[in-house]
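>>> Model the structure of this input:
(one chain, ligands or ions: 2)
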Amino acid sequence: MGSITINKDLLRERQSCTFNVLELTHLWDGGPEKTKERKELEKFFLDDPELQEKIPSEYLSHKEKYQEALRRSCLLFKKIKEWSDTTGCGSQMDTFQNILGGMLGSAILPDGVPFALNYVMFLPTVMGQGTMQQQAYWVSRAWNCEIMCTYAQTELGHGTFIRGLETTATYDPSTEEFVFNSPTLTSYKWWPGGLGHTCNYAVVVAQLYTKGQCHGIHPFIVQLRDEETHMPLPGIKIGEIGSKLGMNTINNGYLGFENVRIPRENMLMKNSKVLPDGTYVNSPSDKLTYGTMIFVRVALVRGIAAAYLSKALTIATRYSALRKQGEIKPGAGETQILEYRTQQHKLFPPMAMCFAMRCSADWLWDIYNSVTAELDRGDLERLPELHAMACCLKAVCTKDSAKAIEVCRLATGGHGYMNSSNFPSTYGMVTAAETYEGENTVLLLQTARFLVKAWQQARSGGNLTETVEYLKTMPLQPLSLWVNSLQHLGIAFKRVAAGNIETCATSIERRILVGVAPEDAWNEVSIQLAKAAETHCRAFMMQIFINFATSAQVSPELKKVLIELCELYGTYFLLDNLGDFFMYAGLRSSDVPSIQEWMETLLHKIRPNAVGIVDGFDISDAVLRSALGAYDGNVYERLFAEANKSPLNAEPVDESFHKYLKPFLKSNL
Ligand SMILES: CCCCCCCCCCCCCC(=O)SCCNC(=O)CCNC(=O)[C@H](O)C(C)(C)COP(=O)(O)OP(=O)(O)OC[C@H]1O[C@@H](n2cnc3c(N)ncnc32)[C@H](O)[C@@H]1OP(=O)(O)O
Ligand SMILES: Cc1cc2nc3c(=O)[nH]c(=O)nc-3n(C[C@H](O)[C@H](O)[C@H](O)COP(=O)(O)OP(=O)(O)OC[C@H]3O[C@@H](n4cnc5c(N)ncnc54)[C@H](O)[C@@H]3O)c2cc1C
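Ligands and ions are numbered 1, 2, ... in the order given. This is a model prediction of the structure:
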């Protein structure tokens, strides 16, 4: 038990890798300096015995899980402060992002950080929607953890349709206060992370009434609990919503109001305002209230979708290299399961997806920053494109990631079903992101709205922005014979997207022409609209991956691997959606066998580098938390050690035998 020798199959895999793994790590991290910083950060946090798990959390009760998560969150945030004060290495924000959504956080609090919303949503909302004065007051209090805050938007009755929220904030000019009420059961806030028992303040999104008129939803800062006793303030009804599929330590809560008063100054007034006499001053755009949601969607693509998928892939690929089962040729000895082409088909396309997600996330982060700066100057022109791309990338990447994590689990057979594989909690974390911050279908339909408008603009000769420019050029280019090349893949994906968008636009027009109301026509076509948005996103990711792989400043050996992965991304999704490529990209059935062969050849080429690629993600054992995925490959020893942590193994005979089983066995039914 506990041997430190490396499994010999894994060792052989590492010796036969054709590229320099460290070069990939540096590329993945964004440069050698970033790798160094990340490793120092991991060492600082993960070597601390106080932060290490004593009993696997699966064996704790719901209450104990929360209490332990809170204990560790407090230690963790003290250490973040210590880290920033002593090393001066990296900004606090980088550290927070790594802790809250990144790999480091998942090593210490795998089921979620109850403080996450303070940093991920409360602070960005105050910074994006508060006046300078409000920022000066609230940001330092929340940043320094003098108060702990969350973001309370969703209600029992409404999550998606936020214009339908029912919580009311009614202005009373006689006291210059807003009065909060929850008029119905369905108006109770439901879901906010940390709301149950952790936070004492929240941004609450409510319908604003002043001078007898409703002005729609607005954000307010509301105190929920006493800062000393933590008792709920009068009129505040608050609690936790109970056990969930995953993320069980994030402390999601409910919240109701009965005549709760807050000062006028607690309305976040950067965009719209209520003056002391109750006069309402309009925002330049009512969509600026939705800014925090865009920020989180952008952050999720890299921080959750790509990061957690890289973890699942590391576990499944290392395991597949050492697990032996059956023979390909009778008598030739048992085969590493990674030799099976079907296994390669399960694992290598998700590796390609991981890279495509990372390039897309970097692009999205850059345009988020530039559009945010433009918004601050009052320029709203590029907001629709940012919103459309944040929506579809969040939806497609979280969907691909969750699906691929489940495929990774299945690819490890029975052992993957164990909590000690770390697949269940990894999946629980990622599938939640398919729903929160905008349910995926709903987000795809938001993108589709932008695409249909862009299509109409392309037809009328109007100008188009970067991501939809192809809607102008694609339909004009003649369809050429199929060629197996990256360039042709890039064009074919765009043709499929343009074709799907055109089909939707014309289906809607056709319906409207025969008298169907535009809104009904939209609903009738919405299956195709969601698909069109997905194909647009896929075409974008394909192109961004092509640009990245072909222009990366890396050694020829690594470049070859990047190009293979990029080709695999394209061929995999093409073969998975043949109908689309027949309909819109000039593909003929006689072209398919050569594309299938191309894809299979790519699997064969990637095979010797599979372990090298996941080693390149450089996820330490402490972060992986998996009996199946550890660097040394001593899987069976680890599975045994984990099994022996089960409280049922503490005694050779459990007390339930004497209480129930023995009397039952002796009862002679
Ligand atoms: C560091 C890594 C992170 C780690 C995190 C880990 C912890 C995570 C913890 C978990 C955290 C989880 C926390 C949580 O979950 S917090 C709760 C999150 N909730 C949601 O995301 C709700 C989803 N719903 C919506 O966003 C809206 O209601 C939608 C969009 C569906 C409709 O809305 P509405 O009914 O009002 O609009 P409309 O459809 O009539 O369209 C009208 C126009 O508005 C435009 N429009 C719409 N939206 C935007 C926008 N945003 N920017 C710019 N424009 C926008 C739109 O294009 C259209 O334009 P046009 O066509 O008219 O020109
Ligand atoms: C783990 C987790 C954490 C969360 N954290 C927070 C938080 O911190 N703060 C917070 O405020 N909220 C939070 N939420 C709530 C989350 O944002 C909502 O659950 C989400 O926005 C979806 O809303 P809903 O649950 O009302 O689903 P619904 O909107 O009821 O969706 C149900 C179904 O209806 C479909 N549907 C709905 N509208 C449309 C439409 N217009 N067109 C087509 N189909 C439609 C959807 O596609 C879906 O299939 C969290 C949720 C989860 C799961």
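
>>> buried set for stretch 260-278?
By neighbour count with 16 or more other Cβ atoms under 10 Å, stretch 260-278 contains the buried residues 260-262, 264, 266-274, 278. Placement of C-beta: from N, CA and C, glycine included.

>>> Let's see which of the residues you listed end up in strands.
260-262, 273-274 (DSSP state E).

>>> Nearest to residue 657, out of those residues: which one, please.
Residue 657 lies nearest to residue 260 out of those, by Cβ to Cβ, at 53.8 Å.

>>> is it true that that closest one touches residue 182?
No. The pair residue 260 / residue 182 is not scored as a contact, 9.3 Å apart, by Cβ atoms under 8 Å.

>>> distance of residue 547 from residue 100?
30 Å (Cβ to Cβ, to the nearest Å).

>>> Actually, residue 249.
Distance from residue 249 to residue 100, counting by Cβ to Cβ: 13 Å.

>>> Now list whatever residues contact both of these two.
Here residue 249 and residue 100 have residue 113 as joint contacts, going by Cβ atoms under 8 Å, 6 or more residues apart in numbering.

>>> Now do the same for the one residue in the stretch 451-600 of the chain that gets nearest to ligand 1: its pLDDT.
Closest residue of the stretch 451-600 of the chain to ligand 1, Cβ to the nearest ligand atom: residue 453 (6.4 Å). You'll see residue 453 listed with a pLDDT of 97.

>>> so what secondary structure elements neighbour the host helix or strand of it?
In this structure, residue 453 sits in helix 440-459 according to DSSP states H and E. Other elements packing on helix 440-459 under the criterion 3 or more Cβ pairs under 8 Å, 6 or more residues apart in numbering; DSSP states H and E are helix 383-410, helix 470-473, helix 486-513, helix 526-551.

>>> between these, which gets the lowest average pLDDT?
helix 470-473 (a mean of 93).

>>> so what secondary structure elements neighbour that one?
Going by 3+ Cβ pairs under 8 Å, 6+ apart, helix 470-473 lies up against helix 440-459, helix 486-513.

>>> And the longest one, what's buried?
If I follow you right, that is helix 486-513. Buried, per 16+ other Cβ under 10 Å, within helix 486-513: 486, 488-505, 508, 511.

>>> got it, and the shortest one?
Along helix 440-459, these residues count as buried under the neighbour rule (16+ other Cβ under 10 Å): 440-441, 443-452, 454-455, 457-458.

>>> Just the CA atoms of it, as PDB, please.
Written as PDB, here are the backbone C-alpha positions of helix 440-459 (Å, rounded to 0.1, in the frame of the first residue of the first chain):
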ATOM      1  CA  ASN A 440     -28.900  26.700 -21.600                       C
ATOM      2  CA  THR A 441     -31.800  26.500 -24.000                       C
ATOM      3  CA  VAL A 442     -32.900  30.000 -23.000                       C
ATOM      4  CA  LEU A 443     -29.400  31.300 -23.600                       C
ATOM      5  CA  LEU A 444     -29.200  29.700 -27.100                       C
ATOM      6  CA  LEU A 445     -32.500  31.400 -28.000                       C
ATOM      7  CA  GLN A 446     -31.100  34.700 -26.900                       C
ATOM      8  CA  THR A 447     -28.200  34.200 -29.300                       C
ATOM      9  CA  ALA A 448     -30.600  33.100 -32.000                       C
ATOM     10  CA  ARG A 449     -32.500  36.400 -31.700                       C
ATOM     11  CA  PHE A 450     -29.200  38.200 -32.500                       C
ATOM     12  CA  LEU A 451     -28.500  35.800 -35.400                       C
ATOM     13  CA  VAL A 452     -31.800  36.200 -37.100                       C
ATOM     14  CA  LYS A 453     -31.400  40.000 -36.900                       C
ATOM     15  CA  ALA A 454     -27.900  39.700 -38.300                       C
ATOM     16  CA  TRP A 455     -29.200  37.600 -41.100                       C
ATOM     17  CA  GLN A 456     -31.800  40.200 -42.000                       C
ATOM     18  CA  GLN A 457     -29.100  42.800 -41.900                       C
ATOM     19  CA  ALA A 458     -26.900  40.800 -44.200                       C
ATOM     20  CA  ARG A 459     -29.700  40.500 -46.700                       C
END
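
>>> quick check: angle from that helix to helix 486-513?
Here the directions of helix 440-459 and helix 486-513 differ by 90 degrees (axes from the mean of the first three to the mean of the last three Cα atoms, to 10 degrees).

>>> so helix 440-459 versus helix 526-551, what angle?
Going by the same axes, to 10 degrees, helix 440-459 makes 80 degrees with helix 526-551.

>>> Quick one: residues in contact with helix 440-459.
The contact list for helix 440-459 (Cβ under 8 Å, 6+ apart) reads 160, 297, 384-385, 387-389, 391-392, 394-396, 398-399, 434, 438, 463-465, 468, 471-472, 501-502, 504-505, 508, 526, 529-530, 532-534, 536-537.

>>> of those, buried ones?
297, 384-385, 387-389, 391-392, 394-396, 398-399, 434, 438, 464-465, 468, 471-472, 501-502, 504-505, 508, 526, 529-530, 532-534, 536-537.

>>> After the helix or strand of the chain with the lowest mean pLDDT, which helix or strand is next? Please name it.
The least trusted helix or strand in the chain, going by mean pLDDT, DSSP states H and E, turns out to be helix 92-100, with a mean of 67. Heading C-terminal from helix 92-100, the first helix or strand you meet, by DSSP H and E, is helix 103-108.
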